[in-house]
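1. can't give you the sequence, but here's the structure:
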């Protein structure tokens, strides 16, 4: 069990670092680096979600806390779609509208990720 917890926290931290790098590269206008960071972030997010599923199955999280957290986690995951679509639109067609839509989608996504992270950490602390 401790090994799985260690793998989870390692992947979680790496996912957060990649998200921060993605946002930073986007704000700097480093397009190629931004695209690489996006791809690595999405891949690492997948790994982290898979490890989370294993953790949920092996630890005894309270059902109501898990359901509460999952609302935020699923919402955050779903909000990645508009981020990717508006990012592709901005990369393809450019312009102020696409940039505004993309930035708005990113802000909403990051806020939802913060909420999912807070509820997930809280839930984890309840069983630790």
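-> That came through, no problem. Everything numeric in this text was worked out from a predicted model, so none of it was measured.

2. Please report how far the residue located most distally from the centre of the chain lies from residue 89.
-> Here the chain reaches farthest from its C-alpha mean at residue 95, the gap being 26.2 Å by C-alpha atoms, centre = their mean. From residue 95 over to residue 89 the distance is 9 Å, taken as C-beta to C-beta, to the nearest Å. (Glycine included, C-beta is placed from N, CA and C.)

3. do the same with residue 119
-> For residue 119, the distance to residue 89 - C-beta to C-beta - is 31 Å.

4. what does the average pLDDT come to for the longest helix belonging to the chain?
-> Counting residues, the longest helix in the chain under DSSP state H turns out to be helix 96-127. Helix 96-127 carries an average pLDDT of 96.

5. Check which residues of that helix are buried.
-> Buried residues in helix 96-127, defined by neighbour count with 16 or more other C-beta atoms under 10 Å: 98, 101-103, 105-106, 109-110, 112-113, 115-117, 119-120, 123-124.

6. before we move on, the earlier item: next, the residue farthest from the centre of the chain: phi, psi?
-> Backbone torsions of residue 95, given as degrees, to the nearest 10, read phi 90, psi 160.

7. Residue 109 and residue 81, how far apart?
-> Applying C-beta to C-beta, the value for residue 109 to residue 81 is 9 Å.

8. go on, residue 107?
-> Residue 107 is 15 Å from residue 81, by C-beta to C-beta.

9. Using the record's domain definitions, break this protein down for me.
-> As assigned by automatic domain parsing, the chain contains the domains 1-59, 62-128.

10. which ones are touching the residue nearest to residue 80 when sequence neighbours are not counted?
-> Leaving out its chain neighbours, the residue that sits closest to residue 80 by C-beta to C-beta, 6 or more residues apart in numbering is residue 109, at 6.2 Å. By C-beta atoms under 8 Å, 6 or more residues apart in numbering, the contact set of residue 109 is 76, 79, 80, 82, 83.

11. Likewise for residue 91?
-> Contact partners of residue 91, counting by C-beta under 8 Å, 6+ apart, are 31, 35.
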